[in-house]
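# here is the input, now give the coordinates:
(2 chains)
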Amino acid sequence: MLQNKSFVRKTRQGKVVKVVREHYLRDDIYCGAPSCQVCDTKDARLSSSIPSVLVLDTNVVLNQIDLLENPAINNVVVLSVVLDEAKNKNLSVYNRLRALCSNSLRNFFVFSNEYHKDTYVKAMVGESPNDRNDRAIRVATQWYQNHLGSRVQVLLITNDRENKRKATEEGISAETVESFVKSLGQPELLDLLVRPQSDDVHMVDSEDLRPSKRKVIYTEHKPMSEITAGLHSRIYHQGKLRVNRYNPFEAYVGSESIGDEIIIYGRPNMNRAFDGDIVAVELLPQEQWQEEKSLLLADEEDEPEDDVHLVPASADDAPRVANPVEGSDGTMKSVASRPAGRVVGVIKRNWHSYCGSLEPMPMPAGNAGIAHALFVSKDNRIPKIRIQTRQLENLMDKRIIVAVDSWDCSSRYPSGHYVRTIGQIGDRDTESEVVLIENDIDARPFSSQVLACLPPIPWSVSPEDLSNPIRQDLRHIRVFSVDPPGCRDIDDALHCTAFPNGNFEVGVHIADVTNFVHSGTPLDEEATQRGTSVYLVERRIDMLPKPLTEDICSLRADVERLAFSVIWEMTPEAEIISTRFTKSIIKSCAALSYVEAQARMDDRRMVDPLTADLRNMNSLAKIMRQRRIERGALTLASAEVKFQIDTETHDPLDIGMYQIREANQMVEEFMLAANISVAEKILKHFPVCSLLRRHPSPTKEMLEPLLRTAGAVGLSLDVSSSKALADSLDHAVGDDPYFNKLIRILATRCMSQAVYFCSGDLSPPEFFHYGLAALLYTHFTSPIRRYADVVVHRLLAASLGIYKLPNIFQDRPQLTSIADNLNYRHRNAQMASRASVELHTIIYFRTRPTDTQARIVKLRSNGFIVFVPKYGIEGPVYLTARGEKGGGEWSVDEQQQKIKKMDGSVCYSVLDTVNIHMEVVEPQPNRPKLQLTLV
Amino acid sequence: MEFVSPEGLRLDGRRPMEMRQLRAKIGAVDKAHGSAYFEMGNTKVIAAVYGPREVQNRSQQLNDQALVRCEYTMANFSTGDRRRKPKGDRRSTEISLVIRQTMEACIMTHLMPRSQIDIFVQVLQADGGTRSACINAATLALADAGIPMHDLVTSCSAGYLNSTPLLDLNYVEDSAGGPDVTVGILPKSTKVTLLQMDSKLPMDIFENVMQLATEGCKAVANYIREVLLEKTKERQKFHGV
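Presented below is the predicted three-dimensional model:
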């Protein structure tokens, strides 16, 4: 069974080392055809009904993965040599191919040709690895043809001309992708094809081949060897390119080698790099740092598009530090402090597929149905993409997905190909799906394997649960929950009992999700991937299947439910005397909404025990809150809005700010306390593998815009610590009641976001949560909608000795990757919620043009950015028409933060109140946007 | 890193429960009383046994049993980068000790009081699992030297990567930093004479991995018995019995 053949490989690890590895060739690797007489057909994946088998070449896999994902391509043999090559060249293609191979609906079979005794190919002397791999593919194809006999046609798909020629010589039937797809007779598949590079297959259209017509727009990328050498000698700097969300012609490269961000102005300097690419950057000479910027302002033919959007919730969403505003006389008033640079090469591409629509254009006449169109991504950081399509009139009013293939230095825009259509532009469902796709949110229904992990419905507490010694029976205690109205996934409940000695027993009961979601099950894996539930305006995308979310785990009123409880004994001064944690069984007596709870507390006539509990808790919570604020916790404000949705049409009926009541703060306070108690407990038991949450302190630069704005209205803020900032925010009271909140909103957007991390990855001082002024913090209280809480539940159960710690906690890199994924998902969920609100704002204002008050938050050279408190949105108001460059009519005073008309008749300064008119306009068909104008 | 592909093949083409190719030869150093050459895949070791003979250092002499000494060395050329291997460094001292203790457990030392048995093992080529290979080679060499033993001692390692127990780790798998269990047993009684582990494993998985390593030891024992039998037959022929 074992045949030994060791071979020699050379690798380079700084120096040349000869590596010898064994390579066992086997006779137990099967062909995967179910009709095969010789092979074991247990794991056969190929279909018996289709008489042809496709073998793919690596270049086909790497370039045409979108085509392969189309169900029209079926019965495919994927060779392990192809998989290995794909893995080395493009990991995301590899992952997509692997997903195809494991998809039970598709007939993709992986044939380990490298380990098969008959298909292993030893490199010949002087043969390049590429030629050797091509030969291996041909040998495997030949083997398949011989093995399966004449009943089955084995077809090699390759776009490599040389490979195709050799294959035909050896008697293997081979075709290019184009001719194969044409033979399928489905013309729409041709759109999915990536147009081949001219050196592989003859270009059909000759327009690009006339060299005289070609104009080089971008400088050529430097070869990799030169880049590596340049990085070594510190001429070039490596980093990830981030395009400014608010100005796609400006990008940043965070470079470790110079310890600062390098700014890159304009597309020519970005040199075809996309957002997220790893690039090599060359610094420009210092005297050009300013020059480049002014060039940009004058040069660019498309102006940066400013849209009305939601108020950013943190520094990560907010526009980057604003450009110093240009004076009317054209001179720069501030000196550039940041280095500017230009991209000389792309080390790693971050190309994926993008959502958007085609740029409106006249229908071309004739041309055999093939049309060239420009695709505009929804994400304005992405440049327009040139695509070729045969269904232009079809796609014109659709949201489509397009993938990028290449970007030649003679082309202004990258070229790509159409992947699929989502739906009609402007349609709410389509636009919602766009939001989901853009934020990489999986909204597919749960698979049958996942659903199989659920307990049978109807579920109720079983006698085994009751008799389980680890579970304490707390059904006799008066437990209740307080949530937003209409909440179905209730994951927390509270109780508060007065002791005769004046102390209180306060309990926080959290749904015992880990009793149903066991580590390692498909359900758990799905939840790990999703990471969090996503709340859109009109729908919720659950992390766990509905029966768990809304019934089995939800701590609804008057039913017995399993819970994980944190129980404190507290003095009336809210000092915690003791803390204990236990799994429990509870029976909630009331599921209150915030409004109801508030009404009960406020109504002096109500004296029932539940209301008494609420009042006790509220007084405790107020003390705890006060103490927390004294410690330096920030009370930040956000401008959350709430829609009232028509139940039938799902159109928004009303929009307003989300109101925060005392009851909200009361529940929040106890949740914070529970999270902190749990964080302390798990960290004590598992110092290196706890999942915690930290909030880094904002840096000076991040607070800079806040200080500038505050300074303009004569307010000085002390930002030396969170305590100092909290105090100075408290003292920031202006002449109108909204002033303080406005300052707090501005402060909030200067903060970075809190993140999950694995306690072994950082040192204890870094665990600090700045916003809450807590040394330790974690998430424990919402396991139904956040996976982090599920992880923490497992840690807590293990620290109590109730359950074993699952194996993944042994594996720190994996734990870190889980934390990273949670951060990524969490952030995407927030972005999706915001995008959904923005979408509904447009739908709302489409039929309701409104006049309202707004506050100026930032000045621009041609207008200012206003914040509309009532609707929680922010957008530009132009004083001069777009396109006219300032016109010299308005001048900006950077120091005073004022914008003045030249004749001095009108003057606006930051934080002023202005009246504006809000209206949805359609500058281009099917592209509605909200426009703000001064009344 | 992916150590086991979804098709169930390891990096070198083995399946998780498969060992590398074993090869053994008895008699590699004529001068020694017993010697053997042992290969587990690309791990190649040579063992030589001297004794029982007079104790060289009288102060170490034991009056009720034989003194067993062991020296483990790695040849300078045994790894890719040619570096001078210091004699008596921590690692080789530890492995020497491990091999000595393992072998002592099976040698009937009480039959040879006031004498000394020297076991020299040298790694010619290292590709993971050197200590297992050395123990196997030493067993063969001791048998070749005709030293009375309760049973053969055989050894094999197993690891746990990509949530799969893997038998007989090679260098690439070994340096992944996962758990690595080395087991040595007396195959007839399945008594454990050596058990070492790097890194951590939960108890139930550890038992599975150890079970796998034990199975590996038994397979090695079968192979070693075959080799010994063959050698004996050869000698039989030679002596004309």
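
# OK, contacts around residue A:620?
A:496, A:504, A:506, A:570, A:572, A:574 (CB atoms under 8 Å, 6 or more residues apart in numbering or on different chains). The way it works is simple: take the backbone N, C-alpha and C, and place the C-beta from them, glycine included.

# what sits against the first one?
Looking back up the chat, that one is residue A:496. Counted by CB under 8 Å, 6+ apart, residue A:496 has contacts A:504-507, A:613-614, A:616-617, A:620.

# mind listing what's buried along the one helix or strand residue A:610 maps to?
Residue A:610 is part of helix A:609-631 when elements are defined by DSSP states H and E. Buried residues in helix A:609-631, defined by neighbour count with 16 or more other CB atoms under 10 Å in any protein chain shown: A:610-611, A:613-618, A:620-621, A:623-625, A:628-629.

# after that helix, which helix or strand is next? Please name it.
By DSSP H and E, the next helix or strand past helix A:609-631 is strand A:641-645.

# with just CA atoms, put that following strand into PDB.
What follows is strand A:641-645, C-alpha atoms only, in PDB (Å, rounded to 0.1, in the frame of the first residue of the first chain):
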ATOM      1  CA  VAL A 641     -33.100  57.400  15.200                       C
ATOM      2  CA  LYS A 642     -36.100  55.200  15.200                       C
ATOM      3  CA  PHE A 643     -38.500  54.500  12.400                       C
ATOM      4  CA  GLN A 644     -42.100  53.700  12.600                       C
ATOM      5  CA  ILE A 645     -42.700  51.100   9.900                       C
END
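
# any idea how far that strand is from the middle of the chain?
On the basis of CA atoms, centre = their mean, to the nearest Å, strand A:641-645 sits 24 Å off its chain's mean C-alpha point.

# report the central residue of chain B.
Most central in chain B under CA atoms, centre = their mean is residue B:135, positioned 2.1 Å from the mean C-alpha point.

# isn't that residue up against residue B:155?
Yes. Here residue B:135 lies in contact with residue B:155, judged by CB atoms under 8 Å, at a distance of 4.0 Å.

# identify the contacts common to the two.
Common neighbours of residue B:135 and residue B:155 (CB under 8 Å, 6+ apart) are B:102, B:184, B:194.

# in CSV: these, plus distance to residue A:711, neighbour count and secondary structure.
What follows is those, written out as CSV (distance: CB to CB, whole Å; neighbours: other CB atoms under 10 Å in any protein chain shown; DSSP: H, G, I helix; E, B strand; the rest coil):
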residue, distance to residue A:711, neighbour count, secondary structure
B:102, 77, 23, helix
B:184, 75, 30, strand
B:194, 73, 20, strand
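
# hey, where'd the strands end up in chain B?
For chain B, the strands defined by DSSP state E cover B:22-26, B:34-40, B:43-54, B:67-74, B:115-125, B:154-161, B:164-167, B:180-186, B:191-198.

# now chain B against chain A: closest residue?
Nearest to chain A in chain B, going by CB to the nearest CB, is residue B:13, at a distance of 3.8 Å.

# so where is chain B shaky, pLDDT-wise?
Low-confidence segments of chain B, defined by pLDDT under 70: B:81-85.

# pull the number of nearby residues for residue A:921.
12 (other CB atoms under 10 Å in any protein chain shown).

# and the residue lying closest to it once chain neighbours are set aside, bridged to which residues?
Spatial nearest neighbour of residue A:921, chain neighbours left out: residue A:931 (4.7 Å); criterion: CB to CB, 6 or more residues apart in numbering or on different chains. In this structure, residue A:931 bridges to residue A:919 when assessed by DSSP bridges.

# pretty sure residue A:931 contacts residue A:878?
No. Assessed by CB under 8 Å, residue A:931 is found out of contact with residue A:878, at 9.3 Å.

# contact partners for residue A:136?
Here residue A:136 is in contact with A:79, A:81, A:113-114, A:119-121 (CB under 8 Å, 6+ apart).

# what are the buried residues along the helix or strand that contains it?
Applying DSSP H and E as the criterion places residue A:136 in helix A:129-148. For helix A:129-148, burial by neighbour count (16+ other CB under 10 Å) applies to A:133-145, A:147-148.

# swap in stretch A:87-103?
Neighbour-count burial for stretch A:87-103 [16+ other CB under 10 Å]: A:90, A:93-94, A:96-98, A:100-101.

# what do you get for stretch A:109-118?
So, applying 16+ other CB under 10 Å, buried residues of stretch A:109-118: A:109-116.

# mind putting the buried residues of stretch A:87-103 into a markdown table with pLDDT?
Shown next, in a markdown table, are the buried residues of stretch A:87-103 (pLDDT from 0 to 100):
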| residue | pLDDT |
| --- | --- |
| A:90 | 82 |
| A:93 | 86 |
| A:94 | 90 |
| A:96 | 87 |
| A:97 | 91 |
| A:98 | 90 |
| A:100 | 88 |
| A:101 | 88 |
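
# farthest pair in those?
Distance extremes for these: the farthest pair is A:90 and A:101 at 15.9 Å, using CB to CB.

# now the stretch 51-200 of chain A against chain B: closest residue?
Ranked by CB to the nearest CB, the top residue of the stretch 51-200 of chain A for proximity to chain B is residue A:115, at 4.0 Å.

# need the contact list for that residue.
A:23-26, A:29, A:80, B:9, B:13.

# which ones among those are found in helices?
residue A:80 (DSSP state H).

# tell me which element the spatially most central residue of chain A falls in.
Centroid-nearest residue in chain A: residue A:828, 3.5 Å away (criterion: CA atoms, centre = their mean). In the assignment (DSSP H and E), residue A:828 maps to helix A:812-846.

# next one: that helix to chain centre, how far?
Per CA atoms, centre = their mean, the centroid offset for helix A:812-846 relative to its chain is 6 Å.

# how much does it deviate in direction from strand A:641-645?
Angle of helix A:812-846 versus strand A:641-645, following axes from the mean of the first three to the mean of the last three CA atoms, to 10 degrees, is 60 degrees.

# any idea which of the strands of chain B is most buried?
Compared across these, strand B:154-161 shows the largest average neighbour count, a mean of 28 (mean count of other CB atoms under 10 Å in any protein chain shown).

# elements contacting it?
helix B:130-145, strand B:164-167, helix B:171-174, strand B:180-186, helix B:203-239 (3 or more CB pairs under 8 Å, 6 or more residues apart in numbering or on different chains; DSSP states H and E).

# partner strands of that strand and their direction?
Strand B:154-161 is paired, per DSSP bridges, with strand B:164-167 (antiparallel), strand B:180-186 (antiparallel).

# which of the contacts of residue A:136 has the largest number of neighbours?
Neighbour-wise, the contacts of residue A:136 (other CB under 10 Å) top out at residue A:79, 28 neighbours.

# residues contacting that residue?
A:55-56, A:110-111, A:113, A:136-137, A:140.

# one more time with 7 Å, if that's ok
A:55, A:111, A:113, A:137, A:140 (CB atoms under 7 Å, 6 or more residues apart in numbering or on different chains).

# cool, residue B:16 as well?
B:4, B:10, B:164-167.

# swap the cut-off to 6 Å and go again
B:164, B:166 (CB atoms under 6 Å, 6 or more residues apart in numbering or on different chains).
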